[in-house]
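Engineer: Build the 3D model from these lines:
(one chain, ligands or ions: 1)
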Amino acid sequence: MRKKIVAGNWKMNKNLLETKELLSDIKNKVNTSLGAEVIVSPTFVNLQNAVELLQDSDVVVAAQNMHQAESGAYTGEISAEMLRNIKVETVILGHSERRAYFSETDALLAEKVTTALKHEMTIIFCFGEELNDRKNNTHFSVVEEQLKEGLFHINKDDWSNVVLAYEPVWAIGTGETASPEQAQEMHAFIRETIKKTYGQEIADEVSILYGGSVKPNNAKEIFAKPDVDGGLIGGASLDAESFAAIAASI
Ligand SMILES: O=C[C@H](O)COP(=O)(O)O
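Structural biologist: Modelled structure (predicted):
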């Protein structure tokens, strides 16, 4: 079901004490009754603490990644079953930092998507073009390929467990945001691409988040666009007041 979502991707930030402090601040400051689902995504080692600290709140806890295999000799990795076991039922897949620094390909992401769905997890599937793609005017085809290769093997029914996050790489952590018009243009294209393969209803029902330097001073304008259903927030999600202000902009 299409819904408004504000998700914080904490990346490799916040130790245990800082995680507890930030979660407590978020519980106090972020209003979860304003119409947006609120998601936080601390590091793996702090997920269980986050689940426990947030058990009496509506804030959802997500993992930032998972391995595609069920279990086995994959030193340093975390499985879907392990996440489910600690009551983490949402996972971010395909973030551009995973693609760039950990060589995650569309084919690998397709496997992760399959495994996550098998474990009935909700996926926040990230994708987006690089600056050169936009300069060369290939951003639409790049985004289309990422979507099709990583995600379009799923069934119609699976879409109820998928949230999309369009994150132009050139806007991540740079302070440079896609204009609301650029975000809307791409989100509409994404919906149209989904419609061509899966039909109007699924295209209309999927939530599409925008990510890339969303801050309290620009969130409202971006979220006001009809095909933007919220945001995946990096830097600004590490401060409860900023995150609360962004959540209130929905
Ligand atoms: O996952 C979040 C995105 O990478 C956006 O990060 P940012 O808000 O720091 O630009």
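
Engineer: show me the contacts for the closest residue in space to residue 120 that isn't next to it in sequence.
Structural biologist: Excluding its sequence neighbours, the residue lying closest to residue 120 (Cβ to Cβ, 6 or more residues apart in numbering) is residue 161, at 7.0 Å. Bear in mind the C-beta positions are built from the backbone N, C-alpha and C, glycine included. Applying Cβ atoms under 8 Å, 6 or more residues apart in numbering, we find residue 161 in contact with 116, 117, 120, 121, 122, 123.

Engineer: What of residue 33?
Structural biologist: When contacts are counted by Cβ under 8 Å, 6+ apart, residue 33 touches residue 58.

Engineer: Ok, residue 65 next?
Structural biologist: Counting by Cβ under 8 Å, 6+ apart, residue 65 touches 78, 91, 92, 93, 95, 98.

Engineer: Spell out which residues belonging to the protein are near the ligand, please.
Structural biologist: Contact residues, the chain versus the ligand (Cβ under 6 Å from any ligand atom): 9, 95, 167, 172-173, 211-214, 232-236.

Engineer: Pick the one among these closest to the ligand.
Structural biologist: Nearest to the ligand among those: residue 234, at 2.2 Å, using Cβ to the nearest ligand atom.

Engineer: ok, and the helix or strand in this protein with the lowest average confidence?
Structural biologist: helix 131-135 (a mean of 93; mean pLDDT, DSSP states H and E).

Engineer: which other residues reach that one?
Structural biologist: 139, 142, 168, 169, 170.

Engineer: So the residue nearest the centre of the chain: helix, strand or coil?
Structural biologist: The geometric centre of the chain, computed from its C-alpha atoms, lies nearest to residue 124 (Cα atoms, centre = their mean), at 4.1 Å. Recorded secondary structure, residue 124: strand (DSSP: H, G, I helix; E, B strand; the rest coil).
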